[in-house]
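Novice: What shape does this take:
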Amino acid sequence: MQRLYDFIRRHPSGVDSFWAVFLLGISGATIVAGGAGRGEGERFAVVPVVIGLSVVVALRRRAPEKMLLLAIAMGVVQLVFGVRPMTANFAMLVITFTVATVGERWASRLALTCSLCAAGLSQIRWPNQEPGGWAEGGFIVVVMTVPFVLAWVLGDSMRTRRAYFDQLEERAARLEREREAQSKVAVAAERARIARELHDVVAHNVSVMVVQADGAAFVMDAAPDQARQALETISSTGRQALAEMRRLLGVLRTGDVQESGEYVPQPDVEQIEDLVDQVRRSGLTVDFKIEGTPRPLPSGVELTAYRIVQEALTNTRKHGGPNAGASVRLVYFDDGLGLLVEDDGRGAAHELYEDGGADGAGHGMIGMRERVGMVGGTLDAGPRPGGGFRISALLPLKPAG
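Specialist: Numbers count the residues shown, from 1 in each chain. Sure thing, here's the model as predicted:
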């Protein structure tokens, strides 16, 4: 049974053609059986009417609007030439259902109008001559109209249901596309975040290691103790860089077996003092102060503050020149955290902070601006009056409670 149903669904035109031939055969037999009682005009028109209505059934899916007009034309021919209703008129019921299901709206309305008028016109053309015929004729009109109306209502309901399912499918496809787009955006954002983290880790720690290595090579013979201290700083800085990079790789390897050792937590505001001490050991003079009352902050704000100070001090070492000094200020406001990092060095070239900070050697300023933007803060970077460079940031906090 399922195979038969599948065959019918795959070959709708063939099924319609079969029923058209079947209808043509039955109507032809009826014509032959009742040929003696037909008038001259009816005998002339009955064969074209039967053929036309059979064509309506055969092509109803391919051209429903045209087949509706053909069925109406055949009905007009019946009225004009006196061809009485017969088996072939079943095609009008079929085309009414088809047009209501898949046809244009104007065709559906036209089919409903003709369905309401067909039985009445037939009764007027061939009235009942018996006593009480008008009452009986009215009853016949109602009985003959009901199947056409039901066919139209059923077809229109199927149209509505099909449109509803099409809308559901379109909505599901749209949601799938939106989900894919959101996934791509999330992947891109995660890649950007990891790139910023790697830049901050590598740029800061490697710059410290390079400065210490140069200093150790310079004083290796004259001051072995200083050289040894520089090598120890290089060792500790390298371990810190490896620990932070291991943490980032741990994010990428979620679900895999972790390597031996625990991943370090994300840097926070409390570790800024350790960062300043590390920079001081590398030879840069840094003045560090905290104003206001320290309190717990959102993790995103703490990480952003740490990375801004780290990048600012790294830029001071890279661009400040010899004998440069820096100052770091953390200010706790009621609704935000303020950061001010200044140095008295030579300052960076103008292209390092212009138009987002594309410096050609890295993306430090771009990363700082992106980090601040992610937490809804503001960043101002540029030369300081009297020489040096200044980075000022304000990171908003949610009100307590």
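Novice: buried sites along stretch 59-71?
Specialist: L59, R60, P64, E65, M67, L68, L70, A71 (16 or more other CB atoms under 10 Å). No exception for glycine: its C-beta is placed from N, CA and C like everyone else's.
Novice: Of those, which is the nearest to F165?
Specialist: P64 (19.9 Å; CB to CB).
Novice: Following the chain onward from whichever strand or helix holds Q226, which element is next?
Specialist: Q226 belongs to helix 224-252 when elements are defined using DSSP states H and E. Note on helix 224-252: by DSSP H and E, the next helix or strand toward the C-terminus is helix 272-281.
Novice: From the contact counts, what lies against that next one?
Specialist: Contact analysis of helix 272-281 by 3 or more CB pairs under 8 Å, 6 or more residues apart in numbering; DSSP states H and E lists helix 224-252, strand 285-291, helix 299-319, strand 325-332 as its packing neighbours.
Novice: picking up where we left off before, the buried residues of stretch 59-71 in helices, which ones?
Specialist: Counting by DSSP state H, the part of these found in helices is P64, E65, M67, L68, L70, A71.
Novice: Next, count neighbours for L53.
Specialist: L53 is flanked by 29 other residues according to other CB atoms under 10 Å.
Novice: which parts of the helix or strand encompassing it are buried?
Specialist: Using DSSP H and E, L53 falls within helix 40-58. For helix 40-58, a neighbour-count test (16+ other CB under 10 Å) marks 42, 45-46, 49-58 as buried.
Novice: One more: stretch 16-35?
Specialist: D16, W19, A20, L23, L24, S27, G28, I31.
Novice: among these, which are in helices?
Specialist: D16, W19, A20, L23, L24, S27, G28, I31.
Novice: Turn the residues you listed into CSV, columns for distance to S108.
Specialist: Converted to CSV, these look like this (distance: CB to CB, whole Å):
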residue, distance to S108
D16, 19
W19, 22
A20, 22
L23, 23
L24, 26
S27, 26
G28, 31
I31, 32
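Novice: of those, closest to D225?
Specialist: Nearest member of these to D225, counting by CB to CB, is D16, at 101.1 Å.
Novice: residues in contact with that closest one?
Specialist: V57, A58, L59, R60, R61 (CB atoms under 8 Å, 6 or more residues apart in numbering).
Novice: tell me which of those residues is nearest to R280?
Specialist: R61 (85.3 Å).
Novice: And the closest one, its phi and psi?
Specialist: Dihedral angles of R61 (phi, psi; degrees, to the nearest 10) stand at phi -80, psi -30.
Novice: any idea how far G103 is from the nearest residue to it once chain neighbours are set aside?
Specialist: Nearest non-adjacent residue to R61, counting by CB to CB, 6 or more residues apart in numbering: P12, 5.5 Å away. As judged by CB to CB, to the nearest Å, P12 and G103 stand 15 Å apart.
Novice: Now render the contacts of D16 as TSV, adding pLDDT and distance to G82.
Specialist: Putting these into TSV (pLDDT from 0 to 100; distance: CB to CB, whole Å) gives the following:
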residue	pLDDT	distance to G82
V57	91	23
A58	91	26
L59	91	27
R60	91	26
R61	89	32
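Novice: can you put the residues you listed in CSV and add distance to Q271?
Specialist: Below are the contacts of D16 laid out as CSV (distance: CB to CB, whole Å):
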residue, distance to Q271
V57, 83
A58, 83
L59, 80
R60, 78
R61, 74
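Novice: surely Y332 meets K289?
Specialist: No - using CB atoms under 8 Å, Y332 is not in contact with K289; the gap is 11.8 Å.
Novice: Show me which of the two is the more surrounded one.
Specialist: Y332 (16 against 10).
Novice: which residues touch that one?
Specialist: Y332 touches I290, E291, G292, T293, P294, R295, G338, counting by CB under 8 Å, 6+ apart.
Novice: related to what we said a few turns ago, now tabulate the buried residues of helix 40-58 in TSV and tack on distance to A222.
Specialist: Below are the buried residues of helix 40-58 laid out as TSV (distance: CB to CB, whole Å):
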residue	distance to A222
E42	129
A45	124
V46	125
V49	120
V50	119
I51	116
G52	114
L53	114
S54	113
V55	110
V56	109
V57	108
A58	107
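Novice: Quick one, which of those residues has the minimum pLDDT?
Specialist: Among these, E42 carries the lowest pLDDT, at 77.
Novice: Low-confidence stretches in the stretch 251-400 of the chain?
Specialist: Within the stretch 251-400 of the chain, the set of residues satisfying pLDDT under 70 comprises 251-265, 346-364, 398-400.
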